[in-house]
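Trainee: The following comprises the amino acid sequence and a computationally predicted model.
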Amino acid sequence: MSLVMEEFFLKFGKFDLHLVSDGNFWLDGGAMFGVVPRILWEKKTTADEKNRIRLGLNCLLVRTGSHNVLIDTGCGEKYTEKEVRIYRIEHDVTLQGQLARLGLTTSDIDIVLNTHFHFDHCGGNTCCDGNLIVPTFPKAEYVVRAEEYEDASVPNERSAASYYEHNWAVLRQRHMLRLAEEDEEILPGIRLLHTPGHTRGHQSVLIESEGRSLLFMADLCPTSAHIPLPWIMAYDLYPMTTLEVRKDIYQRAVAGNWLLLFEHDPHQPAGYLQEAEGKYLLAPFAWQD
């Protein structure tokens, strides 16, 4: 089962945070854990008969009091039957359905922050209206890193399978897509952080309010099982960059007591890092505060 949004509300300083799910999908366990042998990673998760592991599609809604900000949009629903089978996309819950249960329509979202343009992070940017692809959130400004847009628009042989142009082309055409050139504060307390490695333009989102900090890591560290520094996905285009960025972020997270959010963890979506004898461990966290 997917995460149920009523269980994942947090009053975070002046913000209301809701973890909203777009369901689950399944990817190859070996690819998800890179050079880590199966004998090690299978202690953390269970693979199906096709060696795929279940991954959550955890998005974050930030309600500031004046704006509704959505971080990533999940897989969405624009897939062929073959693609649904390949990725075993499970929509027992949907992003739009979870927003509706919070009393929000798609028109109530003011800003969409895309950490990157892989289909499992931005597939819900757009949807089908008959034979047309249209913006899912018609009044929102969508924000992605400029380098990410450049690489997604002209993918190479290795990256092409993860980029579907229909997830952003109409946004560009309608002038709804803004390209961030550097780290910036989107709204007071909501800041973009460039965290390359998975892709060249990958970014995370740092939320700070009343002395508390939360980092939406996206694919910098997709699940709590990936916390060990060398447990880096084979999907990362620049794994050594991921390693160096993780070292920096982990040190900052421990020093600042940041709450970390794992976008693809179907069971443990958040926690605090602790460092012990050069190793990083996750401290338990109850989402409801």
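Mentor: Looks like it arrived, so ask away.
Trainee: which residues sit against whatever helix or strand residue 248 lives in?
Mentor: In the assignment (DSSP states H and E), residue 248 maps to helix 239-256. With Cβ atoms under 8 Å, 6 or more residues apart in numbering as the test, helix 239-256 has contacts from 34, 195-198, 204, 213, 215, 217, 220-221, 229-230, 232-233, 236, 258, 260, 272-275, 280. The C-beta positions use only the backbone N, C-alpha and C, and glycine is treated the same way.
Trainee: From the residues you listed, which land in strands?
Mentor: Within these, membership in strands is found for 204, 213, 215, 260, 272, 273, 274, 275, 280, as judged by DSSP state E.
Trainee: hmm, which of those residues are the buried ones?
Mentor: Buried by 16 or more other Cβ atoms under 10 Å: 204, 213, 215, 260, 273, 280, out of the ones in strands among the contacts of helix 239-256.
Trainee: isn't the first one right up against residue 222?
Mentor: By that I understand residue 204. No. Residue 204 is beyond contact range of residue 222, at 11.7 Å (criterion: Cβ atoms under 8 Å).
Trainee: Check which helices and strands the host helix or strand of residue 19 is in contact with.
Mentor: Here residue 19, judged by DSSP H and E, is contained in strand 15-28. Secondary-structure packing of strand 15-28 (3 or more Cβ pairs under 8 Å, 6 or more residues apart in numbering; DSSP states H and E): strand 9-12, strand 52-63, helix 81-87, helix 95-101, strand 203-209.
Trainee: That strand: which residues count as buried?
Mentor: Buried-residue list, strand 15-28, by 16+ other Cβ under 10 Å: 15-27.
Trainee: and that strand, how far out from the chain's middle?
Mentor: Relative to the mean C-alpha coordinate of its chain, strand 15-28 is positioned 8 Å out (Cα atoms, centre = their mean, to the nearest Å).
Trainee: got it, and stretch 92-106?
Mentor: 17 Å.
Trainee: And it, what's buried?
Mentor: Those would be 93, 94, 95, 96, 98, 99, 102, 104, 106, for stretch 92-106 by 16+ other Cβ under 10 Å.
Trainee: can you tell me which of the residues you listed lies nearest to residue 126?
Mentor: residue 106 (11.1 Å; Cβ to Cβ).
Trainee: Mind telling me which residue is nearest the centre of this structure?
Mentor: residue 218 (3.7 Å; Cα atoms, centre = their mean).
Trainee: how close does it sit to residue 84?
Mentor: As defined by Cβ to Cβ, to the nearest Å, residue 218 lies at a distance of 23 Å from residue 84.
Trainee: again with residue 239
Mentor: Where residue 84 is concerned, residue 239 sits at a distance of 29 Å (Cβ to Cβ).
Trainee: quick revisit: need the buried residues of strand 15-28 in a markdown table (columns: pLDDT and distance to residue 248).
Mentor: Converted to a markdown table, the buried residues of strand 15-28 look like this (pLDDT from 0 to 100; distance: Cβ to Cβ, whole Å):
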| residue | pLDDT | distance to residue 248 |
| --- | --- | --- |
| 15 | 98 | 25 |
| 16 | 97 | 29 |
| 17 | 97 | 24 |
| 18 | 96 | 29 |
| 19 | 96 | 25 |
| 20 | 97 | 29 |
| 21 | 97 | 29 |
| 22 | 98 | 29 |
| 23 | 97 | 32 |
| 24 | 97 | 30 |
| 25 | 98 | 29 |
| 26 | 98 | 31 |
| 27 | 98 | 26 |
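Trainee: I'd like these as a markdown table, with distance to residue 114 appended.
Mentor: Shown next, in a markdown table, are those (distance: Cβ to Cβ, whole Å):
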| residue | distance to residue 114 |
| --- | --- |
| 15 | 20 |
| 16 | 21 |
| 17 | 18 |
| 18 | 18 |
| 19 | 17 |
| 20 | 15 |
| 21 | 17 |
| 22 | 14 |
| 23 | 18 |
| 24 | 20 |
| 25 | 17 |
| 26 | 22 |
| 27 | 19 |
